[in-house]
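1. Sequence first, predicted model second:
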Amino acid sequence: MGASLLTALKATNKFLRIEPKVYCMQDSHMQAMVASMMKKEDVAVLFSYSGATKDTIHVAEVAKRSGARLFVLPVL
């Protein structure tokens with residue numbers, strides 16, 4: 001959470017213009033739940049300043065185990 005969330009919310013608004021199935025979960029537990037339900041055709045987009053946040057790493061691992069593709073962006 002934090003400044004990366006603002007970036008994710010802005011990106012969600014942009015992505016909604018081209019794809020209606022876009023979600024931005026603000027709670028890390030909800031992020032993990034959604035990640036666990038992803039499929040091969042889904043893409044998880046993760047934003048992180050440090051890349052070392054425990055919750056972000058957990059969500060990425062869960063999404064990857066579910067078969068989703070990951071797109072991780074460092075927020076500069």
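-> Okay, I see it.
2. mind listing what residue 49 touches?
-> 2, 3, 4, 74, 75 (CB atoms under 8 Å, 6 or more residues apart in numbering). C-betas here are computed from N, CA, C, even on glycine.
3. check contacts around the second one.
-> Shown here is residue 3, whose contacts under the criterion CB under 8 Å, 6+ apart are 49, 75.
4. would a markdown table of the contacts of residue 49 with distance to residue 25 and secondary structure be doable?
-> Listed next are the contacts of residue 49 as a markdown table, based on distance: CB to CB, whole Å; DSSP: H, G, I helix; E, B strand; the rest coil:
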| residue | distance to residue 25 | secondary structure |
| --- | --- | --- |
| 2 | 15 | coil |
| 3 | 17 | helix |
| 4 | 13 | helix |
| 74 | 20 | strand |
| 75 | 17 | coil |
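5. Show me just the buried residues among those.
-> Neighbour-count burial within these applies to residue 4; the criterion is 16 or more other CB atoms under 10 Å.
6. Distance of the closest residue to residue 59 other than its chain neighbours relative to residue 17?
-> Excluding the flanking residues, the one nearest residue 59 by CB to CB, 6 or more residues apart in numbering is residue 31, at 4.6 Å. As for residue 31, its distance to residue 17 is 22 Å (criterion: CB to CB, to the nearest Å).
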